[in-house]
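Trainee: Next comes the sequence, and after it the predicted model I'd like to discuss.
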Amino acid sequence: MVTKHPLVVSFISIAVLVVIALPFFHMNLGLPTEGTSKSTETTERRAYDLLTEGYGEGIHSSLVVVARASKLTDKTPDALNSITQDLQQLSNVKMVTPAIPGPSGKVYMINVVPNSGPDDIKTKKLVKLIRDKSSQTEKEIDIELMVTGTTAMNIDISQKLNDALPIFASLIVGLAYVLLVLVFRSILLPLKAVLGFLLSLGATLGFVVFVIQDGHLLNLFGFPASSSILAFLPVILIGILFGLAMDYEIFLVSKMREVYVHTGDPRKAILDGIRDSGKVVTAAGLIMMSVFIGFMMTPDAMIKAMGMALAFGVLFDAFVVRLTIVPAVMTLMGKSAWYLPKSLDKILPNIDVEGESIIEEQNEKQKNSLKDTKK
């Protein structure tokens, strides 16, 4: 079916994954809190909910602002009072405490309570606003504002991981592309492989955002409440899912290359590769999904989220990308899928995964043996 209707199959499969990936673009990374990671039956969650009911979400996301004066003058107390009032006027601020001086008189502590929770985007914007304001106060009145506290530290950790994601993914994908060019002796097949991984990764993260962050199907998967996405989940997902994706790709395409080298028929190579290696990929995918679904059975929301992400990641990559999109796109590409410029072929080392050189050597020996027999 895939090789008979490659264009339709490719379009439908890619469109489905793209639609699933759309929620990824408003992903909000954070770290777990008692209000999102614990069941309503636990004492931690009940205490969290009671505090929220009595004092609002912001009670869990208090910010500690440290004001440090480089020079002490008679105007310093008035300047601090002015800063406190300015902080109170910022959007999403519920309460600001008076500045408490330290023993030296140069350092003051101010508590800022937002209206929003610790993982809310509004809280992240408030932290950024206060830090941006520091450059203004430092320039005008020689007072630096520094934001700390558990909420601010969690925001910083999430931001650092978020900033590292593009570099991390680019490094992995770039090195994999080079290695796959060496293995498959093609410039288009490795490109298809890494683009397929990015598509399945986007769909996985999009589905995770749709369920966990947007709050759809929470009861079906057993999550206690909607929450931000675990900050280090994308890093773990990229590492594990990429390894599995490239395993499945090599299982399939190495067999296809072996058949293509011997027959020169790209369609036969695809059919034989799916027939012989497709069963391995199917079995491997089902095994890994079973393992990750086991993680989803735990009551811990962090492990449950990781299990769900990995299970659906394998589902999208193994069964939609590798067993559907890969043969469909290769059918459309035909012989051009195996194209490698001659100049590049001479430069690159020949890894000879399929043992072509050994086969050629054996064939040459057989020819020489037949010639000797005839003589």
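Mentor: Sure, I can see it.

Trainee: Strands of this structure, residue ranges please.
Mentor: Using DSSP state E, the strands found in the chain span residues 29-30, 63-69, 93-96, 100-101, 107-114, 143-148, 229-230.

Trainee: If I look at the most centrally placed residue in the chain, what pLDDT would I see?
Mentor: Note on the chain: the residue nearest the mean C-alpha position is Pro234, at 2.9 Å, using CA atoms, centre = their mean. The confidence metric pLDDT takes the value 93 at Pro234.

Trainee: Same check on the one 4 residues further on?
Mentor: What the model reports for Ile238 is a pLDDT of 92.

Trainee: tell me the contacts of it?
Mentor: Residues near Ile238 by CB atoms under 8 Å, 6 or more residues apart in numbering: Leu165, Phe168, Ala169, Ile172, Leu201. C-beta coordinates here come from the backbone N, C-alpha and C atoms, glycine included.

Trainee: Now go through the residues you listed and say which are in helices.
Mentor: Per DSSP state H, helices hold the following members of the contacts of Ile238: Leu165, Phe168, Ala169, Ile172, Leu201.

Trainee: Kindly indicate the member of those residues with the most neighbours.
Mentor: In terms of neighbours by other CB atoms under 10 Å, the ones in helices among the contacts of Ile238 top out with Leu201 at 25 neighbours.

Trainee: can I assume that one is in contact with Leu241?
Mentor: Yes. Counting by CB atoms under 8 Å, Leu201 touches Leu241, with 6.3 Å between them.

Trainee: what's the closest of the ones in helices among the contacts of Ile238 to Asp156?
Mentor: Nearest to Asp156 among these: Leu165, at 15.3 Å, using CB to CB.

Trainee: leaving aside the residues next to it on the chain, what's closest to that closest one?
Mentor: Nearest non-adjacent residue to Leu165, counting by CB to CB, 6 or more residues apart in numbering: Pro234, 5.7 Å away.

Trainee: repeat for Leu129
Mentor: Leu90 (5.6 Å).

Trainee: re the thing from before, what touches both of Leu201 and Leu241?
Mentor: The contact sets of Leu201 and Leu241 overlap at Gly313 (CB under 8 Å, 6+ apart).

Trainee: for stretch 256-274, which positions count as buried?
Mentor: Met256, Arg257, Glu258, Val259, Tyr260, Pro266, Ala269, Ile270, Leu271, Asp272, Gly273, Ile274 (16 or more other CB atoms under 10 Å).

Trainee: Including pLDDT, could the residues you listed go into TSV?
Mentor: Below are those laid out as TSV (pLDDT from 0 to 100):
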residue	pLDDT
Met256	90
Arg257	87
Glu258	84
Val259	87
Tyr260	87
Pro266	89
Ala269	90
Ile270	91
Leu271	92
Asp272	90
Gly273	89
Ile274	90
